[in-house]
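**Student:** Got a predicted model here, sequence first, then my questions.
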Amino acid sequence: MSTMVRTTPRALMERRRRLLADIHMGYEELRTRAFTYSLTAEELAVWHAVQDIDRLLNCDGWYIRVEDRDLYAVA
């Protein structure tokens, strides 16, 4: 069963930033490596998490503009 959590766009953006920093990669490099199937298991997990965050923020990964309001996410 999924759990609902409440978060803010700012918190999601910070989580996204930390995820990319943890693997020492920027979005563009991660995206390129994902499309060429050259990610480690850890990097692939980060790629999926970043995609999920981008979907919640309603952005394409390149430019993030969100209002400072609460969002609901499934954890």
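**Tutor:** Received the coordinates, thanks.

**Student:** Is the residue most central in space within the chain inside a helix or a strand, and which specific one?
**Tutor:** Closest residue to the average C-alpha location of the chain: residue 50 at 1.9 Å, with C-alpha atoms, centre = their mean. Assigned by DSSP states H and E, residue 50 belongs to helix 41-57.

**Student:** How far off centre is that helix?
**Tutor:** The chain centroid and the centroid of helix 41-57 are separated by 4 Å, computed with C-alpha atoms, centre = their mean, to the nearest Å.

**Student:** Convert the C-alpha atoms of it to CSV, please.
**Tutor:** Output of helix 41-57 as CSV, limited to C-alpha atoms (Å, rounded to 0.1, in the frame of the first residue of the first chain):
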residue,chain,number,x,y,z
ALA,A,41,22.0,0.6,-10.5
GLU,A,42,22.4,3.5,-8.1
GLU,A,43,22.5,6.0,-10.9
LEU,A,44,19.4,4.4,-12.5
ALA,A,45,17.5,4.7,-9.1
VAL,A,46,18.5,8.4,-9.0
TRP,A,47,17.3,8.9,-12.7
HIS,A,48,13.9,7.4,-11.8
ALA,A,49,13.7,9.6,-8.7
VAL,A,50,14.6,12.7,-10.6
GLN,A,51,12.0,11.9,-13.3
ASP,A,52,9.4,11.4,-10.6
ILE,A,53,10.3,14.7,-9.0
ASP,A,54,10.2,16.5,-12.3
ARG,A,55,6.7,15.0,-13.0
LEU,A,56,5.5,16.2,-9.6
LEU,A,57,6.9,19.7,-10.4
